[in-house]
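In: here is a sequence with its predicted model. Questions after.
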Amino acid sequence: MLFSIKATRLAALAAWLGLAFSRSTFNPEVEGKDPSHVITRNVCIIGGGASGTYAAVRLRQLGHSVILIERDDHLGGHTRTYYDPAGRPIDYGVWVYSNNTELFDFFGHFNIPLTGLDFTRITQGTQRFDLRTGQRVPPPSGDLVDAMTRYAQILLQHPYLSDGWDLPDPVPEDLLLPFHAFIEKYNLGPAVEILTLYVQGLGDILHYPAVYILKYFSLEVALGIQGGFSTSASRANQELYSAARQELDGDVLLSSTVLGMDRSYSDMQRILVQTPSGKKLIEAEKIIVTIPPLLRSLQNFDLDSREESIFGQFDNSYYYPAVVDIPGIPNGVQIVNRGADTPYNVPVLPGTYVFTPSGIQDLFLAFFGAGDVNMTENQVRETICDNALQLRKAGFDIGEPKILAYANHSPFQLFVSAEAIEDGFYRDLYSLQGHRNTYYTGAAWHAHSSTALWKFTERLLQERVMNDLNCEESGTCPGDPEDPEDP
Ligand SMILES: Cc1cc2nc3c(=O)[nH]c(=O)nc-3n(C[C@H](O)[C@H](O)[C@H](O)COP(=O)(O)OP(=O)(O)OC[C@H]3O[C@@H](n4cnc5c(N)ncnc54)[C@H](O)[C@@H]3O)c2cc1C
């Protein structure tokens with residue numbers, strides 16, 4: 001650890017002397033020579049999906065200047081809207097929202113109306129097949145209501161799961177059980193189908209530590225299933241991000257990525273960014289990172305050994321949605337993939353979890369999970385079409401499937417082993433909040449739910465970022481806690 005501290009100080013000295021800087025090799029003194037290339041803001045936010053866009057809009061409302069860096073040519077992350085040739089929208093990423101204050105405030109701010117959505121209506125027409133073979137699979141046996149009530153009661157015993165990863169110490173044993181053991185312990189067999197459908201994108205759910213399922217299929221989701229979710233009245237969730245993009249205007253750098261970073265000074269962080277109009281040097285007091293914190297995503301960041309050793313523990317799953325034209329599936333029928341010969345009939349991946357009717361004749365949403373397999377776009381497209389064609393064997397008169405829209409939402413779920421969780425992985429992860437003037441939000445820091453992340457981000461802004469910005473202004477900060485291993 002002593003070595004890392006020495007290395008950090010040496011790097012700061014090298015930067016001061018105008019020498020090449022650390023791993024991310026850029027020289028702020030040189031890059032910042034042309035003032036027209038320098039952007040100065042209170043906060044630099046990296047990643048313009050659900051969490052980053054929310055953070056940018058809110059910080060501006062709260063009186064702070066921001067710059068938002070987004071790799072894609074649009075904001076929204078996992079939110080995708082496809083328009084058919086008649087101009088009708090189909091959301092094939094984020095679809096529905098659990099209800100909370102942040103949802104109504106965020107949509108309300110942009111005057112975008114919301115509408116209620118009853119999920120049970122969509123699932124009424126469900127038919128089940130093993131999409132490897134076209135074999136029909138019977139519905140789960142047992143009492144679903146009873147199993148779901150038990151599941152909800154377990155969630156009520158762990159209310160902290162709704163707020164983030166502040167787990168009790170020691171971590172309750174139940175949360176660390178492989179999910180198959182958790183199912184057996186609480187007799188949740190009849191609920192596995194519905195759980196699988198809602199926790200899509202994880203991969204092999206039976207072997208995940210149970211806590212990941214409990215965080216994804218949360219109390220808020222359970223309430224949504226019972227009382228309804230919300231969605232944009234236009235059924236085009238991308239509208240939210242188009243409105244945010246317009247409002248943020250010059251405070252967004254689209255199609256832009258981080259080339260280098262220098263956080264060796266306490267008052268000003270420097271981020272070198274490649275934008276379509278050339279390199280920009282951002283000078284900001286604070287940084288908020290919302291992109292998945294995998295080492296490969298952070299390779300141009302000036303990570304210290306503590307950050308590197310924590311982020312280096314994450315693994316991830318792969319998840320791909322599409323809009324598919326499948327002639328021949330009767331109106332209103334939802335096709336759910338079930339393994340004919342697997343425990344609890346969980347679907348075999350890589351494969352399509354479900355073909356959900358979009359509301360437009362023959363157009364379906366296909367949600368494709370690959371577990372830990374990083375597939376090419378062609379492989380995903382071919383497997384989705386093959387899964388649809390298997391329905392011919394089940395007696396459907398299926399025409400040639402055509403993929404109209406496709407997205408790669410990988411890396412999707414970030415996870416670590418039960419042993420790492422038991423050893424305090426999330427405590428260590430959370431200890432990075434504020435470390436080197438950097439804060440974090442996004443799915444890896446809480447859960448895969450837009451509204452849960454807006455709530456989490458709101459708290460982060462109110463309780464950490466705003467406090468730290470304000471105390472620096474008034475000169476009353478207690479000082480950054482040093483690396484706990486630093487003597
Ligand atoms: C198919 C699908 C359906 C979903 N459906 C729902 C739903 O119905 N309801 C719901 O609440 N949630 C849903 N989710 C989950 C929800 O979308 C996520 O939890 C949420 O979007 C995560 O927000 P985030 O800010 O962590 O990440 P994202 O929204 O993914 O944002 C991260 C952003 O960072 C950008 N980025 C990545 N790397 C870099 C880089 N190096 N430099 C700059 N930018 C970078 C990405 O392009 C992206 O815009 C769904 C997810 C998927 C994939």
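Out: Noted; the coordinates are in hand.
In: flag the shaky bits of the stretch 101-250 of the chain, pLDDT-wise.
Out: Low-confidence segments of the stretch 101-250 of the chain (pLDDT under 70): 120-124.
In: how many neighbours does the closest residue to the ligand within it have?
Out: Residue of the stretch 101-250 of the chain nearest the ligand, by C-beta to the nearest ligand atom: G201 (6.0 Å). From N, CA and C alone the C-beta is placed, and that goes for glycine too. The number of residues packed near G201 is 22, by other C-beta atoms under 10 Å.
In: now do the same contact list for it.
Out: Neighbour list for G201: S317, Y319, F367, G369, H409, F412, Q413, H448 [criterion: C-beta atoms under 8 Å, 6 or more residues apart in numbering].
In: wait, a helix at it?
Out: No: G201 is assigned coil when assessed by DSSP: H, G, I helix; E, B strand; the rest coil, not a helix.
In: pretty sure I90 is touching Y82, no?
Out: Yes: here I90 lies in contact with Y82, judged by C-beta atoms under 8 Å, at a distance of 4.8 Å.
In: narrow the contacts of G201 to those that are buried.
Out: S317, Y319, F367, G369, H409, F412, Q413, H448 (16 or more other C-beta atoms under 10 Å).
In: could I get the residues you listed as a markdown table with distance to E473 and pLDDT?
Out: Conversion of these to a markdown table gives the following (distance: C-beta to C-beta, whole Å; pLDDT from 0 to 100):
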| residue | distance to E473 | pLDDT |
| --- | --- | --- |
| S317 | 42 | 98 |
| Y319 | 42 | 98 |
| F367 | 46 | 98 |
| G369 | 47 | 98 |
| H409 | 39 | 97 |
| F412 | 39 | 98 |
| Q413 | 38 | 98 |
| H448 | 35 | 97 |
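In: quick check: longest strand of the chain.
Out: Using DSSP state E to define each element, the chain has its longest strand at strand 278-289.
In: leaving out the residues flanking it, which one is nearest to M466?
Out: In this structure, M466 finds its nearest non-sequential neighbour in L62, 6.4 Å apart by C-beta to C-beta, 6 or more residues apart in numbering.
In: K215 now?
Out: Excluding the flanking residues, the one nearest K215 by C-beta to C-beta, 6+ apart is A447, at 4.6 Å.
In: residues in contact with that neighbour?
Out: With C-beta under 8 Å, 6+ apart, A447 has these contacts: K215, Y216, S218, L453.
In: next one: the third one from V171, what distance?
Out: Separation of S218 from V171 (C-beta to C-beta, to the nearest Å) stands at 17 Å.
In: so which of the contacts of A447 are also by the ligand?
Out: Applying C-beta under 6 Å from any ligand atom, the subset of these adjacent to the ligand comprises L453.
In: neighbour-wise, which of the contacts of A447 leads?
Out: In terms of neighbours by other C-beta under 10 Å, the contacts of A447 top out with L453 at 24 neighbours.
In: surely it and Y440 touch.
Out: No: contact criterion C-beta under 8 Å: L453 and Y440 do not qualify, at 11.6 Å.
In: re the thing from before, so which of the buried ones among the contacts of G201 reach the ligand?
Out: Counting by C-beta under 6 Å from any ligand atom, the members of the buried ones among the contacts of G201 near the ligand are Y319, F367, H409, H448.
In: show me where the stretch 151-300 of the chain has its strands.
Out: For the stretch 151-300 of the chain, the strands defined by DSSP state E, counting those that start in this stretch cover 229-232, 252-253, 257-262, 269-275, 278-289.
In: adding secondary structure as columns, could you present the ones next to the ligand among the buried ones among the contacts of G201 in TSV?
Out: Listed next are these as TSV, based on three-state DSSP:
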residue	secondary structure
Y319	strand
F367	strand
H409	coil
H448	coil
